[in-house]
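>>> Here is my input, please return the structure:
(chains A, B, C and D)
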There are 4 protein chains.
Amino acid sequence: MFFASDNGLGASDKVMQAIVAANGGARLGYGNDDGTKKVERMLSDLFERDVGVYMVITGSAANGLALSTLTPPWGLVLCHEESHVIEDECCGPEFFTGGAKLVGIAGPGAKFSAAALETALARLPKRVPHNAPAHALSITQSTEYGLVYSVDEVKALTAIAKAKGLNVHMDGARFANAVASLGCSPAEVTWKAGVDVLSFGTTKGGGLACEAMVFFDPAKGSDMVRRRMRGGHLLSKHRFLAAQMEAFIGDGHWLELAGHANAMASRLAAGLAAVPGVKVPFTPQANGVFPILPKPMEAALKAAGAVFYPWSDKSLPAGVTVGADETIVRLITSFATKADDVDRFIATAAKAATPLAAE
Amino acid sequence: MFFASDNGLGASDKVMQAIVAANGGARLGYGNDDGTKKVERMLSDLFERDVGVYMVITGSAANGLALSTLTPPWGLVLCHEESHVIEDECCGPEFFTGGAKLVGIAGPGAKFSAAALETALARLPKRVPHNAPAHALSITQSTEYGLVYSVDEVKALTAIAKAKGLNVHMDGARFANAVASLGCSPAEVTWKAGVDVLSFGTTKGGGLACEAMVFFDPAKGSDMVRRRMRGGHLLSKHRFLAAQMEAFIGDGHWLELAGHANAMASRLAAGLAAVPGVKVPFTPQANGVFPILPKPMEAALKAAGAVFYPWSDKSLPAGVTVGADETIVRLITSFATKADDVDRFIATAAKAATPLAAE
Amino acid sequence: MFFASDNGLGASDKVMQAIVAANGGARLGYGNDDGTKKVERMLSDLFERDVGVYMVITGSAANGLALSTLTPPWGLVLCHEESHVIEDECCGPEFFTGGAKLVGIAGPGAKFSAAALETALARLPKRVPHNAPAHALSITQSTEYGLVYSVDEVKALTAIAKAKGLNVHMDGARFANAVASLGCSPAEVTWKAGVDVLSFGTTKGGGLACEAMVFFDPAKGSDMVRRRMRGGHLLSKHRFLAAQMEAFIGDGHWLELAGHANAMASRLAAGLAAVPGVKVPFTPQANGVFPILPKPMEAALKAAGAVFYPWSDKSLPAGVTVGADETIVRLITSFATKADDVDRFIATAAKAATPLAAE
Amino acid sequence: MFFASDNGLGASDKVMQAIVAANGGARLGYGNDDGTKKVERMLSDLFERDVGVYMVITGSAANGLALSTLTPPWGLVLCHEESHVIEDECCGPEFFTGGAKLVGIAGPGAKFSAAALETALARLPKRVPHNAPAHALSITQSTEYGLVYSVDEVKALTAIAKAKGLNVHMDGARFANAVASLGCSPAEVTWKAGVDVLSFGTTKGGGLACEAMVFFDPAKGSDMVRRRMRGGHLLSKHRFLAAQMEAFIGDGHWLELAGHANAMASRLAAGLAAVPGVKVPFTPQANGVFPILPKPMEAALKAAGAVFYPWSDKSLPAGVTVGADETIVRLITSFATKADDVDRFIATAAKAATPLAAE
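You can find the predicted model right below:
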């Protein structure tokens, strides 16, 4: 019953086999191998246009490096106040951008609305040269709370951003989960919806360690080859990044894996919602469930061997609160989550709930 | 006949098997897995003292991050003028340190002597606060030209450094080759010889992508957990770094691999030295040979399918020059280099040499 | 009727005379002159302990440089959400600290309470190493809205900060106004109340361009001599900074100037409060008044030659709002503000108010 | 007998009077005053084209900020190995550029030749993306050793730079001395000779603290307003910078002051050259003399009250050496140097020389 994170389950078999298969023979390093070139073509096909591709090994690197091309060191990057870039990268974006400032916008489920973005932009002070000007918008797709922006929601956000001259980044550490959830094409929810650069993750979705920055206008990424090297993020044995990505996006593998993870989250949420005493504030659209549990139930689940983390209550929907005897927790499903584990988790919760419900 | 680099041959079978074996089941991410803890103990055993260990995926990351703990942003780092840190990391050390300055010292074979270090330190201007003060020394072991500092040479350098209050870094991207060459213990040529932090490489030696910063005083690395995260260098599926390192250092695998690579370089150098018209300026101590070839011979080798790069003539021994009709090239052997390829390379060179010699 | 800023009126006569007087003869540069040494002693006397003094020419430089000694590049600095450091320095603190993140706390009058600080600290996520840890607190004294923290209020804030291991910075661009307002000793409201470093401003108070970083533990500022040089902030003709500071703090000049500015603000606020249709949300404790004016009155004042800026309504007290026909403006008085101008401003407002009141 | 530096003598009377005169009345801050606008026009006139002007208070700030517009953080800046930017700004250029690397070129008198530049560029390694690419050239005019590049020499250097796509910076902390020495127009030796940005100093020449970045293509400086603010280098009471610059460049004051300083250096050099035992390796073209003195003579001069510093022997002409009983010293003359002091210095040296000559 491992729901701690989608990075806890290793790589998918197909990805691992591809890594092993890539191991024979001599190849040029630093991305000059044929595998890397092939992956670049595959991603161009996937996104239905020529894209610039730069692979690295963490989402934080992809995000920080991508943002560094979208803002000068004195710019503002608007993002959700609980987004990974502002909260979970230990000032990485500030490091890579040379000191840009991230500005958090509130919203339930780590999503913010077009109206919230508009208000945030309107309320920024704009005295020149004292106030740092807004230069970029970062949207997390799917969000840190397992929600997904619809294509129209992305378009609404980017329209506002573009009208103000902002560049748009999409943090897609769980992009696969979003696309699987939306059922749209990858192009539709990215460049066709106004996104300039995507951090396209494989790691949480079933890769070993591989994240691609995808520049929809390749010219905008032209200095990334230098930035990546300077950040110590250019893998010499680059074939192994290419192998992961090829296996991940080939034959729809990524969407199968993500579809499974999403289904497990829905199953988990539905099961938990039926347990007395459990609140499920968000209907999951991707692979995360954030239930509010009675504390004894949380303890019972941990005692039964479930692994998961407590979470923040900052981005709950209006009116939902965490009581003194409750905890909000994060349950992340993955490509490797078993339905049995989901069901056992629900059953354990239900059993722990009975005495409560009896009261 | 692939002599382009030691990063062109993938990972050793043992390392790859360890990666595959690490793939089952759920584990906590970000270095909280048992494998990582085990590797930390193994490295402490290997170095005969408690060490602080931080693994990343490139040598440039290990070097830059390590240096950032040894100098403030306004400090000088002395190193060889053709060292990797000053020349091959696209200003990475400047990025990680926040703007420190690398000062190059000359010396044949990318080695510098104690006397050269002393002179360099003496000639630094020392007006306060105008001149940036020296804070660190970086020694490459083995060097970019396939040479090795003896234990006494390292001690002589660090003694000078310590007397001036400098911290000492060792770039050990090819540390295995140096230890295999010296036949000493890893402790002897590092902390016992005055080194504070080692970038301990596996990638060039047979890993997939794994380099450990080893802090001989663990307290000095205490903020590395933040620095590594901020640089986007903390792998979530950290078990795969641990698996590589465990396989690499377990049962002397690393020294076997390095010993083979070194032997192949010696074989190559000896063979080439006997070819008329070829100069071999340095007797290899590690896994690199830097012969000066007649240009037609270079062409013949390339035509025969040999892969290698031209190199710089900046660090040649006094009196050795590259003639107008000659090229200096770099030949790197690796754990996977075959003796047949070495011999074929020599034979091809010899064949190309015959007409020259006949003249 | 110039109320645009306290930097619009040049230097006080005494300060200017000191600059002129400092112009004769040869002196060593870069702070090695006797005048600088004298000022260091004077500031130690003023603050009743040995302090480390580093003078620069802007408050932004003093703030950024001071903060760079209080937090690593991956730390959080808590401050008011409308403070100068977070809003008006164009990402200067991020630049000087190498990428630290400023976290804004709300509160009326650009002041925040101990409770607000406590809540902000409690709500920071604390997962290691993802979440950047809090390292410093920055208090603005007097605030951007003309309010002053009492000695007890400062103590309450620093007690919370110290309990969490935070260093404390005080942005004292208008420190003189605060001390004049409180009637306490400079020591009482700084180091005796838990402040580690003060940005002590003269520029807004009557200097030409001189701000001192005052380190209450001189050892904590020991690398400032390098940081200041590296930032291009070490004046060669340093005697002119010393001359300003000596004139400013000598014979209580600074408190006389500040006392006058404060009195003019009180006079202005009292006068405006009596004008029908004008709201004065804060009773000024320093040299700023932030009235909410009917728009026609604002226009009438501008037409009469008054110079002032519109301001933000973000930090208004609960319940106070700016109506659709109103504007909130900032009126700053200074050492050079004339009572006549104040009275003329009030009279002009009153005249513009009459028809409104008549309605 | 003060020859320690040209920043030891305060400001010229005319400059100081202008500062005093600028002190009356209210003006908008941060460069929005009429004086600043006037100075911008005056500099455009002086340089015979529309220029972008950004004033700051130190040469280090002007240099670092200017360079930050000419290179990305991963670029190389070529300069003399004893230039101020590489040696005397405590890693300031690295700070402002975000980590660019300065590459020193040797040459007597802190001047380098076109051939030396060409060789330096040719010898840079150019493997992409490992080696940082050259992005800028910085020329110091006049040099740290009192020499001046002729217009043709500047043209030859910038032609090489431009052919390689490099931007060109001129460090003109002593630009006045160079122009006075060359007798050319300011335009001729800057943009007409291929310079993109000039750090135009007044401080060493007779200002109090004022250096202007002059962008010959104003568009290239368009983000300087942000960079300067972020660096804490935007003076609020900007009128005082404008006053200095107006006084300095108005009516040829700057060239009169520089002409005097240059003349004093020539007088000093000529006098010293005639003293037995003194070597004068460079005939001064600007305001510095770098004689090699017998140590007893140096002591005698100090005993007589002369103030000066020992200097480096790194950039001496071929064949000139400093003997074991000798010292090379730096003597800087200024706008305020008196001929009497020069003559007394020479006489003191001559007197100290007599017994030596007698041997």
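
>>> what ranges do the helices span in chain A?
For chain A, the helices defined by DSSP state H cover A:13-21, A:34-46, A:59-68, A:84-87, A:92-97, A:114-123, A:151-163, A:175-182, A:224-230, A:239-249, A:253-273, A:295-303, A:339-358.

>>> want to throw the ones you listed into CSV with distance to chain C and mean pLDDT?
No exception for glycine: its C-beta is placed from N, CA and C like everyone else's. Below are the helices of chain A laid out as CSV (distance: least, C-beta to the nearest C-beta, whole Å; pLDDT from 0 to 100):
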stretch, distance to chain C, mean pLDDT
helix A:13-21, 25, 98
helix A:34-46, 28, 97
helix A:59-68, 9, 98
helix A:84-87, 6, 98
helix A:92-97, 4, 98
helix A:114-123, 7, 98
helix A:151-163, 20, 98
helix A:175-182, 20, 98
helix A:224-230, 15, 98
helix A:239-249, 23, 98
helix A:253-273, 21, 98
helix A:295-303, 18, 97
helix A:339-358, 22, 86
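
>>> Which of those sits closest to B:Ala21?
Nearest to B:Ala21 among those is helix A:13-21; the distance by C-beta to C-beta comes to 10.5 Å.

>>> Export the helices of chain A as JSON lines, with columns for distance to B:Gly8.
Formatted as JSON lines, the helices of chain A follow (distance: least, C-beta to C-beta, whole Å):
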{"stretch": "helix A:13-21", "distance to B:Gly8": "17"}
{"stretch": "helix A:34-46", "distance to B:Gly8": "13"}
{"stretch": "helix A:59-68", "distance to B:Gly8": "24"}
{"stretch": "helix A:84-87", "distance to B:Gly8": "35"}
{"stretch": "helix A:92-97", "distance to B:Gly8": "29"}
{"stretch": "helix A:114-123", "distance to B:Gly8": "48"}
{"stretch": "helix A:151-163", "distance to B:Gly8": "41"}
{"stretch": "helix A:175-182", "distance to B:Gly8": "31"}
{"stretch": "helix A:224-230", "distance to B:Gly8": "18"}
{"stretch": "helix A:239-249", "distance to B:Gly8": "9"}
{"stretch": "helix A:253-273", "distance to B:Gly8": "28"}
{"stretch": "helix A:295-303", "distance to B:Gly8": "48"}
{"stretch": "helix A:339-358", "distance to B:Gly8": "42"}
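
>>> for the ones you listed, which one sits closest to chain B?
helix A:59-68 (3.0 Å; C-beta to the nearest C-beta).

>>> near chain B, anything from the closest one?
Yes. Residues of helix A:59-68 contacting chain B under C-beta under 8 Å from any C-beta of the partner chain: A:Ser60, A:Ala61, A:Ala62, A:Asn63, A:Gly64, A:Leu65.

>>> Show me the one of the helices of chain A that comes nearest B:Thr140.
helix A:224-230 (18.3 Å).

>>> same for the closest one, what does it pack against?
Applying 3 or more C-beta pairs under 8 Å, 6 or more residues apart in numbering or on different chains; DSSP states H and E, one finds that helix A:224-230 contacts strand A:52-56, helix A:59-68, helix B:92-97.

>>> List the buried residues of it.
Along helix A:224-230, these residues count as buried under the neighbour rule (16 or more other C-beta atoms under 10 Å in any protein chain shown): A:Met224, A:Val225, A:Arg226, A:Arg227, A:Arg228, A:Met229, A:Arg230.

>>> Enumerate every residue touching the fourth one.
Right, the one you point to is A:Arg227. A:Leu65, A:Ser68, A:Thr69, A:Phe96, D:Trp74 (C-beta atoms under 8 Å, 6 or more residues apart in numbering or on different chains).

>>> What is the nearest of the residues you listed to C:Ala178?
For the contacts of A:Arg227, the nearest to C:Ala178 is A:Phe96 (38.2 Å; C-beta to C-beta).

>>> Which residue, neighbours along the chain excluded, lies closest to the closest one?
A:Gly64 (3.3 Å; C-beta to C-beta, 6 or more residues apart in numbering or on different chains).

>>> The one you found: how many residues sit nearby?
Burial measure for A:Gly64: 27 neighbouring residues, criterion other C-beta atoms under 10 Å in any protein chain shown.

>>> likewise the one 5 residues further on?
Here the count is done by other C-beta under 10 Å, and A:Thr69 has 21 residues near it.

>>> now do A:Ala324
When neighbours are defined as other C-beta under 10 Å, A:Ala324 has 6 of them.

>>> For chain A, what lies in contact range of chain D?
So chain A meets chain D at A:30, A:72-74, A:98-99, A:128-130, A:132-133, A:223, A:225-230, A:234 (C-beta under 8 Å from any C-beta).

>>> Report the contact partners of A:Thr158.
So A:Thr158 contacts A:Leu137, A:Ile139, A:Val168, A:Ala193, A:Gly194, A:Val195 (C-beta under 8 Å, 6+ apart).

>>> Just name the closest of the residues you listed to C:Leu78, please.
Taking these together and measuring to C:Leu78 by C-beta to C-beta, the closest member is A:Leu137, at 25.4 Å.

>>> which residues touch the nearest residue to A:Ser266 once chain neighbours are set aside?
Of all residues not flanking A:Ser266 in the chain, A:Pro284 sits nearest, at 5.8 Å (C-beta to C-beta, 6+ apart). By C-beta under 8 Å, 6+ apart, the contact list for A:Pro284 reads A:Gly146, A:Leu147, A:Asn262, A:Ala265, A:Ser266, A:Leu268, A:Ala269.

>>> now these in JSON lines, with neighbour count?
JSON lines is the format used below for the contacts of A:Pro284 (neighbours: other C-beta atoms under 10 Å in any protein chain shown):
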{"residue": "A:Gly146", "neighbour count": "28"}
{"residue": "A:Leu147", "neighbour count": "24"}
{"residue": "A:Asn262", "neighbour count": "26"}
{"residue": "A:Ala265", "neighbour count": "27"}
{"residue": "A:Ser266", "neighbour count": "20"}
{"residue": "A:Leu268", "neighbour count": "28"}
{"residue": "A:Ala269", "neighbour count": "24"}
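
>>> Widest-spaced pair of those residues?
A:Leu147 and A:Leu268 (15.3 Å).
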